[in-house]
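> this one's structure only:
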């Protein structure tokens with residue numbers, strides 16, 4: 001018998017003795033940690049940055065029963081060819097959207113973060129346009145506003161820490177990138193784009209400097225339509241390219 005086969009059989013025997021599934025053991029005879037992917041999904045609703053949470057059914061034998069957490073799930077090796085595939089599947093199942101901005105945030109793992117045992121989660125954050133954010137979502141999901149860098153519901157496990165890290169990453173990158181453009185509808189005005197930047201950064205920006213920076217970057221292109229307003233029509237724009245964000249050499253100026 002090969003040594004590797006012997007290790008596997010020993011692992012299976014230990015798993016049965018401990019009441020575990022033999023599939024929890026890896027090929028080297030080490031127990032597999034629970035591996036999940038969590039997705040922090042942001043959108044703009046009612047002039048505020050929101051994040052999607054999902055409520056766990058109360059009164060059932062489920063970890064975190066009655067509480068809410070970030071959307072996520074266990075990596076399914078039969079469907080997920082990699083971590084990004086799992087994150088995209090989670091995004092699609094919770095929101096019906098599969099083409100929003102997605103970026104890996106980081107990984108969290110320990111023997112104590114999940115009462116079920118040693119677990120590791122790989123977190124991603126996603127940005128959804130205001131149009132997509134207004135579409136139907138999973139029955140147990142809810143958009144929650146972010147106020148002063150946090151939300152009111154308490155999250156399960158270490159999801160509060162993960163959410164805080166996602167908000168910090170988003171705000172840091174917004175200082176020098178076009179990420180807020182992924183939160184915009186298909187057509188928008190420059191003042192509307194500036195307002196979304198201000199919502200995410202939680203501070204006002206200097207108008208003329210913002211306009212100059214955005215137009216010089218060739219991030220957006222005008223379309224042959226205007227937005228009717230009380231005083232005068234405003235030019236409508238769209239993103240030139242939704243695939244990759246644009247990065248700026250300097251951060252945005254605060255309005256005085």
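Right, received. Where do you want to start? Because the structure is a prediction, the values reported are computed rather than measured.

> CA atoms for contacts and neighbours, from now on please.
OK.

> Which stretches in the stretch 101-250 of the chain count as helices?
Remark: helices assigned in the stretch 101-250 of the chain by DSSP state H, counting those that start in this stretch are 130-133, 159-174, 190-201, 207-216.

> Remind me what the longest one packs against, helices and strands.
With contacts defined as 3 or more C-alpha pairs under 8 Å, 6 or more residues apart in numbering; DSSP states H and E, the secondary structure elements packing on helix 159-174 are strand 101-110, helix 190-201.

> Likewise for the last one?
Other helices and strands packing on helix 207-216, by 3+ C-alpha pairs under 8 Å, 6+ apart, are helix 190-201.

> Neighbours of residue 252, how many?
19 (other C-alpha atoms under 10 Å).

> for it, what are its contacts?
Residue 252 makes contact with 175-176, 205-206, 209-210, according to C-alpha atoms under 8 Å, 6 or more residues apart in numbering.

> before we move on, the earlier item: as a markdown table, the helices of the stretch 101-250 of the chain with mean pLDDT, distance to residue 84 and mean neighbour count would be great.
Shown next, in a markdown table, are the helices of the stretch 101-250 of the chain (pLDDT from 0 to 100; distance: least, C-alpha to C-alpha, whole Å; neighbours: other C-alpha atoms under 10 Å):
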| stretch | mean pLDDT | distance to residue 84 | mean neighbour count |
| --- | --- | --- | --- |
| helix 130-133 | 86 | 20 | 18 |
| helix 159-174 | 96 | 17 | 18 |
| helix 190-201 | 96 | 25 | 19 |
| helix 207-216 | 94 | 30 | 14 |
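
> Among those, which comes closest to residue 39?
Across the helices of the stretch 101-250 of the chain, the minimum distance to residue 39, taken as C-alpha to C-alpha, is reached by helix 159-174, at 9.4 Å.

> Distance from the chain centre to that closest one, please.
Taking C-alpha atoms, centre = their mean, to the nearest Å, one finds helix 159-174 lying 9 Å from the centre of the chain it belongs to.

> quick one: that helix to strand 101-110, angle?
140 degrees (axes from the mean of the first three to the mean of the last three C-alpha atoms, to 10 degrees).

> Now do helix 159-174: everything it contacts.
In this structure, residues lying in contact with helix 159-174 by C-alpha under 8 Å, 6+ apart are 40, 69-70, 105, 123, 125, 149-150, 154, 179-180, 197, 200-201.

> Residue 194 touches residue 210, doesn't it?
Yes: with contact taken as C-alpha atoms under 8 Å, residue 194 and residue 210 are classed as touching, separated by 7.2 Å.

> Which helix or strand lies directly C-terminal to the lowest-mean-pLDDT helix or strand in the chain?
Least confident helix or strand of the chain, by mean pLDDT, DSSP states H and E, is helix 3-17 with a mean of 37. Using DSSP states H and E, the next helix or strand after helix 3-17 towards the C-terminus is strand 34-45.

> quick one: buried residues of that following strand?
Residues of strand 34-45 classed as buried by neighbour count (16 or more other C-alpha atoms under 10 Å): 34-45.

> Which pair of the contacts of residue 252 spans the longest distance?
Considering C-alpha to C-alpha, no two members of the contacts of residue 252 lie farther apart than 176 and 206, which are separated by 14.6 Å.

> Regarding stretch 72-87, how distant is the last residue from the first?
Taking C-alpha to C-alpha, to the nearest Å, the first and last residues of stretch 72-87 lie 8 Å apart.
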